[in-house]
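> got a sequence here, can you build the structure:
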Amino acid sequence: MQMNPLGRTGLMVSELCLGSMTWGTQNTEAEGHAQIDRALAAGINFIDTAEMYPVNPIAKETIGRTEEIIGTWNAKSGRRGDYILATKHSGAGLMHVRDGAPISAATIRATVEGSLKRLQTDYIDLYQFHWPNRGSYMFRQNWGYDPSGGDTGSILANMEDCLGALRDEVARGTIRHFGLSNESAWGTAQWLRLADQTGGPRVASMQNEYSLLCRLYDTDMAELSVLEDVGLLAFSPLATGLLTGKYQGGAVPEGSRKSLSPELGGRVSDRVDGAVAAYLEIARRHDIHPVHLALAWCRTRPFMASAIFGATTMAQLDCALASVDVTLSDDILSDIDAAHRAHPMPY
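Numbering: from 1, shown residues only. As a prediction, this is how the structure comes out:
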């Protein structure tokens, strides 16, 4: 398992990160524990979660359940020190959490304490803001994104206040490092600038969607990532299962994410099947499993710290883990580039 730096923290994270957002809805506690055991045995040292998980669906009754499942594994195994743990503070608008309140200096301590209690740990290695208060162009919002509604002064004041609260948590030892999610180049640059001015904590990572089908990150964010050492933690590198091929031809496997969310969060479009078919054909032509193609390709990106994948079965988990033994040839990478040009932005 290849290890990559987590920003400038000094931590090294595995090229694959075990995602957990189905634990508590699509997966039981026992299945979540089994996934952790299998992933750590395979060399993964990185697990990602969030206070709002599980999803599919998001429900008031299950908020925090995924963190609780990780917490019972921590308590049972005694192995909390064997891996790097990341979780997230929910942003504005999620009514099931703090009645939709935005992230602020006033919300951070209680939110950290809630996660620590559920996770049954004294510290969080990477504490992330799940999405910015001002909104984001992620989750298909890029098609109608309007950045003109924010007030620069209030946005920056909130950032500075939040950094102060985060510094207090670092001093208490409850969090070690800070990361962002669903952010833009401008927003990330402001967090970095303010951290330099105020004494941190510095942004270590960015958790944005990234896959063969979703490459918004490839321009301004890519440059920022490389030059500022803010590594990408790619979520949905398999495009919610589209890149596995299991949904081709209109198939909807029982218990799959599409069976619960038919539009896959806006990823189902008139053009997506053709784009997926192009990548499946590359995998077929080069005799590579499509899951391995998608995950091994992530490893080639110069800004990639870790690709976060999820599994609902142990067979899916084992398949993803096997991708670390696959190296893509120049011919395969050329074919991927051609497919991307032919099928840009399919959703």
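
> tell me where the stretch 151-300 of the chain has helices.
With helices called from DSSP state H, counting those that start in this stretch, the stretch 151-300 of the chain shows them at 152-172, 185-198, 220-228, 257-260, 272-285, 290-299.

> pick the most deeply packed of those.
helix 290-299 (a mean of 22; mean count of other Cβ atoms under 10 Å). C-beta: built from backbone N, CA, C; applies to glycine.

> and the angle from that helix to helix 272-285?
Orientation check (axes from the mean of the first three to the mean of the last three Cα atoms, to 10 degrees): helix 290-299 against helix 272-285 gives 90 degrees.

> residues contacting helix 290-299, please?
2, 15-16, 210-212, 234, 237-239, 243-245, 279-280, 282-283, 286, 288, 304, 307, 309, 319-320, 322-323, 326-328, 332-333, 336 (Cβ atoms under 8 Å, 6 or more residues apart in numbering).

> rerun at 7 Å
In this structure, residues lying in contact with helix 290-299 by Cβ atoms under 7 Å, 6 or more residues apart in numbering are 2, 15-16, 211-212, 234, 237-238, 243-245, 279-280, 282-283, 304, 307, 309, 319-320, 322-323, 326-328, 336.

> give me the mean pLDDT for it.
Averaging the model's pLDDT scores along helix 290-299 yields 98.

> just the buried residues of the contacts of helix 290-299.
15-16, 211-212, 234, 237-238, 243-245, 279-280, 282-283, 304, 307, 309, 319-320, 323, 326, 328, 336 (16 or more other Cβ atoms under 10 Å).

> what's opposite the spatially most central residue of the chain in the beta bridge?
Nearest residue to the geometric centre of the chain (Cα atoms, centre = their mean): residue 235, 3.6 Å. Beta-bridge partners recorded for residue 235 (DSSP bridges): residue 209, residue 308.

> pLDDT wise, what is it at?
Value for residue 235, per-residue pLDDT: 98.

> that one touches residue 211, doesn't it?
No. In this structure residue 235 lies outside contact range of residue 211 using Cβ atoms under 7 Å: 8.9 Å.
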